[in-house]
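1. Sequence first, predicted coordinates after that:
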Amino acid sequence: MAKRQLTWLSDAEWSRIEPLLPRGRKGAHRVDDRRVISGIVHMLRIGARWRDCPPEYGPYTTIYNRFNRWSRQGIWFEMFEALTGHTGVWGSVAIDSTSIKVHRSAAGAKGGPSSRASARRAAAAPAKSTD
């Protein structure tokens, strides 16, 4: 059986991003940041649920919580810039996907025969009296 690649960052890459990581947080003993970052990269690469994170990376709740917290703090942008030299942000875009749900008969579908005559039929029909 092939051994899984546990760390995703080289020593040189790690030395560039380590100073950017938050320090001095209160709470439980801190899980190894390099292992957690590797777990986050692994989960993002395979696209699985956080709950399915391999235990070698640490508790899946820690992996998810660090990803989420660091995302809110903008730390991932700083790490990306430290590794690539670019922020990765080129501009901003807004997409509006507003849609309105209507009843299926609103567009005439499955509404049965129309009570209105077509334009051709209406033009050929004798004129109706308004007396």
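-> All right, it came through fine. Residues are numbered from 1 along each chain as shown.
2. got a list of contacts for the worst-scoring helix or strand of the chain on mean pLDDT?
-> When the helices and strands of the chain are compared on mean pLDDT, DSSP states H and E, helix 119-124 comes out lowest with a mean of 72. Counting contacts by C-beta atoms under 8 Å, 6 or more residues apart in numbering, no residue outside helix 119-124 touches it. C-beta here means a position set from N, CA and C on the backbone, and glycine is covered the same way.
3. Run the chain-centre distance for that helix.
-> 54 Å (C-alpha atoms, centre = their mean, to the nearest Å).
4. If you count neighbours, what's buried in that helix?
-> By 16 or more other C-beta atoms under 10 Å, helix 119-124 has no buried positions at all.
5. so where is the protein shaky, pLDDT-wise?
-> Along the chain, the model assigns pLDDT under 70 to residues 1-5, 27-28, 105, 107-118, 129-131.
6. ok so, going back, kindly export the least confident helix or strand of the chain (C-alpha atoms) in CSV.
-> As requested, the backbone C-alpha atoms of helix 119-124 are provided in CSV (Å, rounded to 0.1, in the frame of the first residue of the first chain):
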residue,chain,number,x,y,z
ALA,A,119,-54.9,36.4,-34.6
ARG,A,120,-55.6,34.7,-37.9
ARG,A,121,-58.8,33.2,-36.8
ALA,A,122,-60.0,36.4,-35.2
ALA,A,123,-59.3,38.3,-38.4
ALA,A,124,-61.2,35.8,-40.6
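7. number of nearby residues for residue 97?
-> A total of 4 residues lie near residue 97 under the criterion other C-beta atoms under 10 Å.
8. Tell me who's in contact with it.
-> With contact set as C-beta under 8 Å, 6+ apart, residue 97 has no partners.
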